[in-house]
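Peer 1: I need the structure of the sequence given here:
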Amino acid sequence: MCKCIVEAGQLIGLHLLSITNKWGERPIFTAALHNRKPAFDAADEAYSHDTEKPYQFLRRTVGAGDTVLRAAIKREHFDLAFHMIKVYPDLVDKSDVKGLTPLHVLASKPSAFRSGVRL
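Peer 2: Here you go, the predicted model:
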């Protein structure tokens, strides 16, 4: 579906994957929120051909400027989050306007750790 959207946009001269919804999320962000790795990869492939910096597509444009990695960790999509780190290693250091990084979000998720204890 993502490939069809990209191709349709190219036919009419638009980059449809750069359009945001009312929450400032692009399709790659929405794919991560819903734990859709194939859609994330397809959108990532389309963004990699873009002349603009790909990191702008991996951030919400509304609110605190959440990154796609932080959003995946918040929703406990840890497999997808690990995949994102492999594809975009610089996302690990990206923070929101409050200065919170993906590590801060991960630390707040007891289910991410073997003990499951909230410290």
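
Peer 1: what about residue 5, neighbour count?
Peer 2: As a burial measure, residue 5 scores 16 neighbours (other CB atoms under 10 Å). (C-beta placed from N, C-alpha, C; glycine too.)

Peer 1: hmm, it is touching residue 27, no?
Peer 2: Yes - between residue 5 and residue 27 there is a contact under CB atoms under 8 Å: 7.3 Å.

Peer 1: check which residues of stretch 4-23 are buried.
Peer 2: 5, 6, 9, 15, 16, 17, 18 (16 or more other CB atoms under 10 Å).

Peer 1: actually, stretch 35-50.
Peer 2: 35, 36, 39, 40, 42, 43, 44, 46, 47.

Peer 1: mind putting those residues into TSV with pLDDT, distance to residue 84 and secondary structure?
Peer 2: Output for the buried residues of stretch 35-50, formatted as TSV (pLDDT from 0 to 100; distance: CB to CB, whole Å; DSSP: H, G, I helix; E, B strand; the rest coil):
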residue	pLDDT	distance to residue 84	secondary structure
35	95	12	coil
36	92	13	coil
39	89	13	helix
40	89	8	helix
42	86	14	helix
43	84	12	helix
44	84	9	helix
46	79	16	helix
47	74	13	helix
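
Peer 1: dump the helix or strand bottoming out on mean pLDDT in the chain to CSV, restricted to CA.
Peer 2: Scoring the helices and strands of the chain by mean pLDDT, DSSP states H and E places helix 2-12 at the bottom, with a mean of 79. Coordinates of each C-alpha in helix 2-12 appear next as CSV, following Å, rounded to 0.1, in the frame of the first residue of the first chain:
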residue,chain,number,x,y,z
CYS,A,2,2.8,2.4,0.9
LYS,A,3,4.5,1.8,-2.5
CYS,A,4,1.2,2.5,-4.3
ILE,A,5,0.9,5.8,-2.3
VAL,A,6,4.4,6.8,-3.3
GLU,A,7,3.9,5.9,-6.9
ALA,A,8,0.6,7.8,-7.1
GLY,A,9,2.2,10.8,-5.5
GLN,A,10,5.0,10.7,-8.1
LEU,A,11,2.5,10.7,-10.9
ILE,A,12,0.9,13.9,-9.7
